[in-house]
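# Next comes the sequence, and after it the predicted model I'd like to discuss.
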Amino acid sequence: MEAGVGLALQSRATGFGSGRRRSAMYGGESRARAVSLRVSDLVGSPAAVRARGAKPVVPLRAKKSSGGGHENLHNSVDDALLLKRKSEEVLFQLNGRCIYLVGMMGSGKSTVGKILAEVLGYSFFDSDKLVEQAVGMPSVAQIFKVHSEAFFRDNESSVLRDLSSMRRLVVATGGGAVIRPVNWKNMKKGLSVWLDVPLEALARRIAKVGTASRPLLDQPSGDPYTMAFSKLSMLAEQRGDAYANADVRVSLEEIASKLGHDDVSKLTPIDIALEVLKRGIVVWVPHKIFYFHSTSA
Ligand SMILES: Nc1ncnc2c1ncn2[C@@H]1O[C@H](COP(=O)(O)OP(=O)(O)O)[C@@H](O)[C@H]1O
Ligand SMILES: O=C(O)C1=C[C@@H](OP(=O)(O)O)[C@@H](O)[C@H](O)C1
């Protein structure tokens, strides 16, 4: 039997489950199994970033600086206004449906997802964090180590299934969520967006932050960039076209070329969020509106 009660909306936040519940779900199990979440587990937890009234996740300044890391790049007030205007158009079209961000590790799903949630007035969830909470372990790395990747994947599917019954969420999925068709079945209830980032840029980002939180990239030795690049290349090959199932592809190379940058590292998370909104309006909405109308008739 699969554990958990699914996502039952509850108005009072109780924080993440009691020790008793944790041990029933995790420590007390003789057999690894997937667990489900309740909204009351999530509300007020670090995994949930309440979008409304939240502090802007990316500061807005009048001019772009020429710094190297994205934290040094600030978008103009014009960009912020454009972001707001586009978000209003998308909001209307989404009509409460969720946004799922997919892409390789380090593609910016969490970073961009928080911005999108903020401008849309949606709540942001990171599916990795929800799995950690559901299992009662502090990190994905530990879940892989103590249990297995398969156990993590089962819980990831459970979390995505539960989230798919909710509305007005931006979900940053784990990079491997795309490999299971059942996850697509759930993500297709909303707008799925693939952040397509060149492997070199991903490896640079990963090398900068380290691999401790990403067990599939963790290597005991070697140059961090080279190791990350080779592992990411392997995973990209294994995953083949899985990311292309997304309703919308946002290619950083295309945005960079449109904006006249010679390198994707010059793009800020706001540039990318803006493109997600633009493409969300153009590519997905007419198709989904048709789909929803034709199936409900
Ligand atoms: N546009 C960007 N430019 C440079 N670094 C970025 C950008 N977006 C995200 N990052 C950095 O890359 C790392 C991975 O981003 P994150 O949002 O956690 O990716 P994901 O959720 O897809 O794994 C973080 O350190 C983040 O600050
Ligand atoms: O690509 C993958 O298989 C994974 C990506 C990770 O999430 P991020 O994409 O958020 O790093 C996390 O789910 C786990 O380490 C496995």
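Sure thing, it's come through. Residues are numbered from 1 along each chain as shown. Ligands and ions are numbered 1, 2, ... in the order given.
# Report how far apart the opening and closing residues of stretch 132-152 are.
Its first and final residues considered, stretch 132-152 spans 9 Å by CA to CA, to the nearest Å.
# Any buried residues in that stretch, and which?
Using 16 or more other CB atoms under 10 Å as the burial criterion, the residues of stretch 132-152 that qualify are 132-137, 140-141, 143-144, 147, 151-152. Every C-beta, even on glycine, is put in place using the N, C-alpha and C of the backbone.
# same thing with stretch 189-200?
For stretch 189-200, a neighbour-count test (16+ other CB under 10 Å) marks 190-199 as buried.
# Which of these sits closest to ligand 2?
L195 (9.9 Å; CB to the nearest ligand atom).
# quick one, helices of the chain?
Per DSSP state H, the chain carries helices over the ranges 19-22, 39-42, 77-94, 109-120, 127-135, 140-146, 149-163, 181-187, 199-209, 224-239, 252-258, 269-279, 285-296.
# Where among these is average confidence lowest?
Note on the helices of the chain: lowest mean pLDDT is at helix 19-22, with a mean of 29.
# Tell me the residues of the stretch 151-297 of the chain that contact ligand 1?
Contact residues (CB under 6 Å from any ligand atom) of the stretch 151-297 of the chain with ligand 1: 172, 205, 209, 267-269, 272.
# Show me what the residue nearest to F125 when sequence neighbours are not counted is bridged to.
Among residues not flanking F125 along the chain, V171 sits closest, at 5.1 Å (CB to CB, 6 or more residues apart in numbering). As for beta bridges, V171 partners with Y100, F125 under DSSP bridges.
# can you tell me how far V171 sits from E253?
Distance of V171 to E253, computed by CB to CB, to the nearest Å: 25 Å.
# D247 too?
Distance, D247 to E253, by CB to CB: 19 Å.
# So between those two, which is more surrounded?
More crowded of D247 and E253, by other CB atoms under 10 Å: D247, with 20 against 15.
# Excluding covalently adjacent residues, which one is nearest to V170?
Take V170 and drop its neighbours on the chain: the residue closest to it by CB to CB, 6+ apart is A117, 4.1 Å away.
# That neighbour touches V171, doesn't it?
No. Contact criterion CB atoms under 8 Å: A117 and V171 do not qualify, at 9.4 Å.
# Mutual contacts of the two, please.
Counting by CB atoms under 8 Å, 6 or more residues apart in numbering, the shared contacts of A117 and V171 are F124.
# So for I281, what's the pLDDT?
I281 is given a pLDDT of 77.
# Enumerate the residues of the stretch 151-297 of the chain near ligand 2.
So far as CB under 6 Å from any ligand atom goes, the stretch 151-297 of the chain lies against ligand 2 at 174-176, 214-216.
# can you do 5 Å?
174-176, 214 (CB under 5 Å from any ligand atom).
# Just flag the most distant two among these.
Pairwise distances across these peak at 10.5 Å for G176 and R214 (criterion: CB to CB).
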